[in-house]
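J.: Requesting a structural model of the entry that follows:
(one chain, ligands or ions: 2)
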Amino acid sequence: MTGWTRRGLLKTAAIAGATGVGLSAIGRLGSLAAASPEPVVLQTAKIQARLMDIGPTNNVLTYGNAGMPPVLRMRKGEPFAARLVNAIDDPTTIHWHGIRLPNKMDGVPFLVQPYVYTGDHFDYAFTPPDAGTFWYHPHCNTLEQMGHGLTGVIVVENPDDPKFDAEFVLNLRDWRLGDDSQFIDQFRPRDAARTGTYGTVRTANWLDQPQYDAPAGGLVRLRVAITDVTRIYAFRVEGAEATVMALDGNPVPQRFSPDALLLGPGQRMELAIRMPDQEGAVVSLRDVRGTKPKILATVRATGGSLKRDVRDVAPLEVNPVAEVDLAAAQHISLALSATAENVPSDGICGSLGYSFWAINKVPWPGDTSDPTAPLAELKLGKSYVIDMENLTPQSHPMHLHGMSFKVLSSSTRPVQPLISDTYLIQPNEKVQLGFVADNPGDWLLHCHIIEHQKSGMTSYVRVV
Ligand code: C2O
Ligand code: CU
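T.: Ligands and ions are numbered 1, 2, ... in the order given. Sure thing, here's the model as predicted:
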């Protein structure tokens, strides 16, 4: 029996009274439901899955009925609705990573919604304004739940997207399994205080090096999401011409070849790949970071060549993100550091029991009823620049909820003016992220290495 199971059982009785809050929130949403489409049911489920050759792994978590791992499809500008039904013995929520939506739909316990108890449900409804690749995951007991598999990729389609001959979605993640293919402890404190604890089994779509087929000489759209709790990847494509079309749900201003492109947990990329002409030729997506490079997935060319040209892929439509007014923007300083201060937390949604990290010297794990002041109070409609500085020797994929920012400048490298929700800040780097505070509410800002997030590297901004 795993840790989340025991905690779930113990806490359910003690705080069942709070369930009523969940029901009234659903009641309020119900009045808006007339315009909403039939909700997709996302039922959390505990299953067995074969992640290692030797036999099935127990206690794998997924969103049932959606395939494994699940992929959700939405359409830009069209209403979407989902009912989260919680069938695991641990409270949960869904956060729609990168999607700009109303604060009440953001899935962060205490800050915006009550968590959803075993046997309870919560209705989410929103209209995604941006097309691209996004993903969803719980925001309660996140390390355990995501570590056990609870993630899915979201494709927000744009009917005007360029046409491809094939499209694949890759959900990249590791699993912390022992030799018997069963889960081992999700983290080691000494690693949580450094890079985070790595998994032992690496997968793409829960498989070891899956192979897909695509027409020879054809154009492939490869959507990649890093849903791992820890691992940073350095991507390279071998065997074909490939260009990065989009990062973190937004088209890149200038396409480039993914030559050891560094992306961290929470980030996504979309590649346009021109398949080789030769039938049977194999294209591989690799992670070349660190000492153990790995082929993540391959695509094999089939049939006679379609003789397409990667330069024929029309530009993706830019998403309607408000342009930051740099002349008027107010600056917010944000320093990432290590801390020795220990902060107790109520932990219903999973405190690791340690504080290793801080934002502006405040360690806070989030997803808790323990209050902390917002990093800043922002005025609705005004422009802001976050001056973020990394005072640690580790890299941190810093994620802002609810609003997209533009990468303005970095102290250590040339940057494209990318629109994004997650920036992988390097050791000793200073970066400027500009955005318009156009979405009212409380929005988390945290490292997406979940052990860092849950041991202090979390804060939020308030837009009023
Ligand atoms: Cu993808 Cu606050 O998270
Ligand atoms: Cu971090």
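
J.: can you tell me if stretch 108-126 touches ligand 1.
T.: No. For stretch 108-126 and ligand 1, the contact criterion (CB under 6 Å from any ligand atom) is not met; the two come no nearer than 6.8 Å. Placement of C-beta: from N, CA and C, glycine included.

J.: And that stretch, end to end?
T.: Using CA to CA, to the nearest Å, one end of stretch 108-126 lies 15 Å from the other.

J.: buried stuff in it?
T.: 108-118, 120-126 (16 or more other CB atoms under 10 Å).

J.: Strands of the stretch 1-150 of the chain, residue ranges please.
T.: 40-52, 55-63, 71-75, 80-85, 95-97, 121-126, 132-137 (DSSP state E, counting those that start in this stretch).

J.: and the last one with strand 121-126, angle?
T.: Comparing the axes of strand 132-137 and strand 121-126 via axes from the mean of the first three to the mean of the last three CA atoms, to 10 degrees yields an angle of 160 degrees.

J.: If you count contacts, what does strand 132-137 end up packed against?
T.: Counting contacts by 3 or more CB pairs under 8 Å, 6 or more residues apart in numbering; DSSP states H and E, strand 132-137 is packed against strand 95-97, strand 152-157, strand 219-226, strand 268-274.

J.: same question, the fourth one
T.: Counting contacts by 3+ CB pairs under 8 Å, 6+ apart, strand 80-85 packs against strand 40-52, strand 121-126.

J.: what's around whatever residue of the stretch 51-200 of the chain ends up closest to ligand 1, how many residues?
T.: Closest contact between the stretch 51-200 of the chain and ligand 1, by CB to the nearest ligand atom, is at His97 (3.6 Å). Close neighbours of His97, defined as other CB atoms under 10 Å, add up to 27.

J.: in terms of contact, does it touch Leu400 like I think?
T.: No. Contact between His97 and Leu400 fails when scored by CB atoms under 8 Å: they sit 10.6 Å apart.

J.: strand partners of the helix or strand hosting Arg173, parallel vs antiparallel please.
T.: Remark: Arg173 resides in strand 166-175, with elements defined by DSSP states H and E. The pairing partners recorded for strand 166-175 under DSSP bridges are strand 201-204 (antiparallel), strand 219-226 (parallel).

J.: got the ones you listed as JSON lines, with mean neighbour count, mean pLDDT and distance to Phe183 columns?
T.: JSON lines is the format used below for the strands paired with strand 166-175 (neighbours: other CB atoms under 10 Å; pLDDT from 0 to 100; distance: least, CB to CB, whole Å):
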{"stretch": "strand 201-204", "mean neighbour count": "20", "mean pLDDT": "96", "distance to Phe183": "10"}
{"stretch": "strand 219-226", "mean neighbour count": "25", "mean pLDDT": "98", "distance to Phe183": "20"}
